[in-house]
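1. coordinates only, no sequence provided:
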């Protein structure tokens with residue numbers, strides 16, 4: 001059976017890299033497509049994954065997103081005709097789900113983000129099956145038009161797909177010139193172009209400025225977009241390491257003392273690695289974040305002073321070791337979602 005996997009974000013690079021390997025071991029022939037987006041293309045290279053680059057990222061405006069999506073659908077249809085997949089898998093890709101539906105090919109959605117309403121409305125009704133973490137109620141999805149019987153839950157958070165078999169690479173520290181003798185604080189900027197938080201954000205950058213004045217830290221700032229890179233380089237100069245290129249973020253997080261994150265996936269990833277997290281996510285608390293807050297892995301902050309107070313506590317000696325022990329137990333109790341999905345697809349579509 002030929003499977004086409006469509007990849008849109010860095011998180012999906014890692015998740016679907018793991019899933020494709022599990023599918024290939026079960027005899028599936030796997031092809032991948034991705035869109036032209038800096039972090040996606042660079043991370044695919046780091047992971048050694050090959051993909052057809054189809055279309056581009058639409059940017060920060062609704063019209064730009066619409067134009068890019070329409071263009072990409074036409075390009076993706078040509079790839080479909082060439083590859084003739086029997087099955088399409090995506091993390092609710094509007095283009096992949098629409099083309100699959102239009103050509104009568106089953107679309108399988110993987111999604112942990114019912115808060116991304118625009119994407120869910122465009123993709124969930126067109127999906128044959130939805131795979132989602134167990135902590136998200138089916139009612140969060142059925143409102144988008146999918147029957148409860150077509151929702152399959154896995155007992156894991158998505159980063160478990162690559163963290164269950166993860167081995168950190170210390171070379172990332174050498175490559176970035178970081179000193180293991182001083183605390184490393186990673187700041188991940190907000191996904192300010194996403195449809196569900198358009199125009200929001202900025203808190204992570206403010207916290208980073210104040211953290212420089214208050215703590216003795218090695219600051220690593222991870223922007224998402226080129227304009228973020230250019231802006232923070234001007235603001236911080238040589239006082240912080242601003243990552244212009246994509247790195248092995250999982251290994252960097254593993255060696256970090258703390259993450260101040262403005263998004264979702266990296267906050268979850270850090271939490272499951274045992275790294276204390278201060279979340280500056282500008283939207284409403286998601287199901288996944290609420291779970292991690294209740295477990296004590298994440299502290300929420302809505303202003304710089306609140307974030308700095310959390311940082312001061314979390315940077316105390318012994319805190320990271322405590323987080324690591326708790327995270328190991330939590331991760332161990334989760335299934336590997338890539339293995340789970342591959343097994344289910346093998347059973348359903350064999």
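-> That came in fine, so what should we check first? Remember, predicted model here, so these are calculated numbers, not experimental data. Residues are numbered from 1 along each chain as shown.
2. can you list the weak-confidence ranges in the stretch 151-300 of the chain?
-> 192-201 (pLDDT under 70).
3. and the helices in it, which stretches?
-> Applying DSSP state H, counting those that start in this stretch to the stretch 151-300 of the chain gives helices spanning 160-163, 171-176, 203-214, 226-236, 249-255, 265-273, 287-294.
4. now the last one: buried residues?
-> By neighbour count, with 16 or more other Cβ atoms under 10 Å as the criterion, the buried positions of helix 287-294 are 287, 288, 289, 291, 292, 293. To be clear about C-beta, it is placed using only N, CA and C from the backbone, and glycine gets the same treatment.
5. now the third one: how far from residue 3?
-> In this view, residue 289 and residue 3 are 31 Å apart by Cβ to Cβ, to the nearest Å.
6. got it, and the first one?
-> Taken as Cβ to Cβ, the spacing of residue 287 relative to residue 3 amounts to 28 Å.
7. the last one too?
-> Applying Cβ to Cβ, the value for residue 293 to residue 3 is 36 Å.
8. and for residue 310?
-> 42 Å.
9. likewise for residue 125?
-> Applying Cβ to Cβ to residue 125 and residue 3 gives a distance of 21 Å.
10. what of residue 73?
-> Residue 73 is 20 Å from residue 3, by Cβ to Cβ.
11. quick one: low-confidence parts of the stretch 1-150 of the chain?
-> If you take pLDDT under 70 as the line, the stretch 1-150 of the chain has no such spans.
12. which residue ranges of it form strands?
-> 2-7, 29-36, 52-56, 87-90, 107-110, 129-133 (DSSP state E, counting those that start in this stretch).
13. nearest to residue 248, out of those strands?
-> Minimum separation from residue 248 across the strands of the stretch 1-150 of the chain (Cβ to Cβ) falls at strand 2-7, 17.4 Å.
14. gap between that closest one and the chain center?
-> 18 Å (Cα atoms, centre = their mean, to the nearest Å).
15. so which elements touch that strand?
-> Under the contact criterion of 3 or more Cβ pairs under 8 Å, 6 or more residues apart in numbering; DSSP states H and E, strand 2-7 touches helix 10-25, strand 29-36, helix 62-83, strand 87-90, helix 94-102.
16. dump the ones you listed to JSON lines, plus mean neighbour count and distance to residue 129.
-> Shown next, in JSON lines, are these (neighbours: other Cβ atoms under 10 Å; distance: least, Cβ to Cβ, whole Å):
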{"stretch": "helix 10-25", "mean neighbour count": "22", "distance to residue 129": "14"}
{"stretch": "strand 29-36", "mean neighbour count": "20", "distance to residue 129": "17"}
{"stretch": "helix 62-83", "mean neighbour count": "15", "distance to residue 129": "19"}
{"stretch": "strand 87-90", "mean neighbour count": "26", "distance to residue 129": "10"}
{"stretch": "helix 94-102", "mean neighbour count": "23", "distance to residue 129": "12"}
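17. residue 112 is nearest to which of those?
-> helix 10-25 (9.5 Å).
18. and the closest one, what does it pack onto?
-> Partner elements for helix 10-25 (3+ Cβ pairs under 8 Å, 6+ apart): strand 2-7, strand 29-36, helix 38-47, strand 87-90, helix 160-163, helix 337-348.
19. which one of these lies closest to residue 188?
-> It's helix 38-47; of these, that one is closest to residue 188 (Cβ to Cβ) at 11.4 Å.
20. list the contacts of the closest one.
-> Residues outside helix 38-47 that contact it (Cβ atoms under 8 Å, 6 or more residues apart in numbering) are 7-10, 12-14, 17, 34, 50-51, 53, 224-226, 245-248.
21. run the last query once more with 10 Å
-> Helix 38-47 is contacted by residues 7-14, 16-18, 32, 34-35, 37, 49-51, 53, 57, 162, 222-226, 229, 244-249 when judged by Cβ atoms under 10 Å, 6 or more residues apart in numbering.
22. check stretch 223-232 too.
-> Contacts of stretch 223-232 (Cβ under 10 Å, 6+ apart): 9-10, 37-39, 57, 59-60, 187-194, 201, 204-205, 208-209, 221-222, 233, 240, 242-245, 262-263.
23. buried subset of the residues you listed?
-> 9-10, 37-39, 57, 187-194, 201, 204-205, 208, 221-222, 240, 242-243, 262-263.
24. which of the buried residues of helix 287-294 sits closest to residue 183?
-> residue 292 (21.8 Å).
25. what's the closest non-adjacent residue to the closest one?
-> Closest residue in space to residue 292, ignoring its immediate chain neighbours: residue 298 at 4.4 Å, by Cβ to Cβ, 6 or more residues apart in numbering.
26. same question, residue 324
-> residue 274 (3.2 Å).
27. could you list the domains of the protein?
-> 2-164+335-348, 171-332 (automatic domain parsing).
28. quick revisit: show me the contacts for the residue nearest to residue 324.
-> So, once contact is read as Cβ under 10 Å, 6+ apart, residue 274 ends up touching 253-254, 297, 320-328, 330-331.
29. now it: how far from residue 255?
-> Residue 274 is 11 Å from residue 255, by Cβ to Cβ.
30. ok, residue 131 touching residue 146?
-> No: using Cβ atoms under 10 Å, residue 131 makes no contact with residue 146, being 11.7 Å away.
31. I appreciate the help and will end here.
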